[in-house]
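Visitor: give me a 3D structure for the following:
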Amino acid sequence: MQSGLVYDKRYLDHKTGKHPESPERVKEVVEYLRMKGMLNLLNVIKPRACTMEEALRVHTEVYLQHLKILCETETPLDIDTVVSKESFDVALLAAGGLLSAAESILYGEVDGGVFALVRPPGHHAERNKGMGFCLLNNPAILASFLIEEKHANKVLIVDWDLHHGNGTQEIFYDSPNVLYISTHDPNIYPGTGQIDEMGEGSGEGFNVNIPVPQGSDNDDYIRIFSEIVMPIALQYHPDFVIVSAGFDIHRSDPLGTMRVTQRGFKALASCCVGIASDCCSRRIVFELEGGYNPGALAHSVYAVFEAMDGGMADFYEAIEEVEQKKPDPLAPLMKTLKDKLSPYWDV
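Guide: As a prediction, the model looks like this:
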């Protein structure tokens, strides 16, 4: 199977100065993939820009016009979210990169999944506000595109970033057409993502927050994906899978509080690829969210491509290793999660 990579040098034009979310992040990834010979094996996809009509499915017109002005004047959205003159166009290209990734899958140009190496990231952007380094909500724009264009009726978004995707949650909080599952540190920015935030109205039960204790490692995340994420996802049986792949849970991340390594990312990605293989013919797009140690990021993205090549086998192997280790420090959390989720899902 051939996998795809979405990338464009224009992603470097979102200038952020001395900021964790820097152009160096994606440059390092591309150079490492080239050095490892991976680029020669991938279908490298040039992104198109997201149209204003596509962005308006998720964001308000007032916000988009305001964002455009802020970028033109190089005025930060907040203390953490800086922009340059090119940032609005680059944000449209980032969201469009996910659309191009999905289109390459839908049109049969790739059959092994796609990694969208885009910036700026997206999952913190709400309908009428950008924040947390994010200008447009890239995964939400893709999910809305898939649903509105009748390519999917049910979309799964798995978000393993260190930070809760408050924007993605807000946008789909009342929708059964998107199952949002987030693993995150609940004690840091943005302060959302508690277990009891499960959706509302017809979307109740389709918002799954998994607050992960600080210091959690590969084995902890593998347990969570094995016992919670995978069973729920398979029951939902999505038509398309989107992964908000945040690599700031890496043990070497300067903003991080977790201890995941390259091995862990390969296992998590393998789980997501397995879900997509079982449910929707490997219709899966990974999108770059956080990850602020460029070297660790490059190795971790490479691990995702290894998982895209290997499929579910890597995850099953990791589960067997974890199950042999006792005791399970996450047992109290897992019991709480299963009790809360049992009215909606068989866990």
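
Visitor: hey, let's count contacts and neighbours off CA atoms from now on
Guide: Fine.

Visitor: nearest residue to the residue nearest the centre of the chain other than its sequence neighbours?
Guide: Nearest to the mean C-alpha position of the chain, by CA atoms, centre = their mean, lies residue 244 at 0.2 Å. Nearest residue to residue 244, sequence neighbours excluded (CA to CA, 6 or more residues apart in numbering): residue 159, at 4.5 Å.

Visitor: what's the burial count for the one you found?
Guide: The number of residues packed near residue 159 is 26, by other CA atoms under 10 Å.

Visitor: again, but for residue 257
Guide: 21.

Visitor: that one against residue 212, yeah?
Guide: No - look at residue 257 against residue 212 with CA atoms under 8 Å: they stay out of range, at 10.0 Å.

Visitor: name the residues contacting each of these two.
Guide: residue 185 (CA atoms under 8 Å, 6 or more residues apart in numbering).

Visitor: what are the bridge partners for the residue nearest to the centre of the chain, then?
Guide: residue 159, residue 287 (DSSP bridges).

Visitor: point me to the helix or strand that includes residue 70.
Guide: Following DSSP states H and E, one finds residue 70 within helix 61-72.

Visitor: which other helices and strands contact the helix or strand that that helix is followed by?
Guide: Sequence order places helix 87-106 as the next helix or strand after helix 61-72, per DSSP H and E. Helix 87-106 is packed against strand 4-6, strand 43-45, helix 61-72, strand 114-116, helix 138-148, strand 284-288, with contacts defined by 3 or more CA pairs under 8 Å, 6 or more residues apart in numbering; DSSP states H and E.

Visitor: and helix 87-106, what's buried?
Guide: 87-102, 104-105 (16 or more other CA atoms under 10 Å).

Visitor: remind me which residues of the chain are low pLDDT?
Guide: Applying pLDDT under 70 to the chain flags the ranges 326.

Visitor: quick one on the thing from earlier: in the helix holding residue 70, which residues are buried?
Guide: Quick answer for helix 61-72 (16+ other CA under 10 Å): 61, 63-64, 67-68, 70-71.

Visitor: and that helix with helix 87-106, angle?
Guide: Orientation of helix 61-72 against helix 87-106 (axes from the mean of the first three to the mean of the last three CA atoms, to 10 degrees) gives an angle of 120 degrees.

Visitor: who touches helix 61-72?
Guide: Contacts of helix 61-72 (CA under 8 Å, 6+ apart): 76-77, 83-88, 127-129, 135.

Visitor: strands of the stretch 201-347 of the chain, residue ranges please.
Guide: 207-211, 240-245, 284-288 (DSSP state E, counting those that start in this stretch).

Visitor: among these, which is the most enclosed?
Guide: strand 284-288 (a mean of 29; mean count of other CA atoms under 10 Å).
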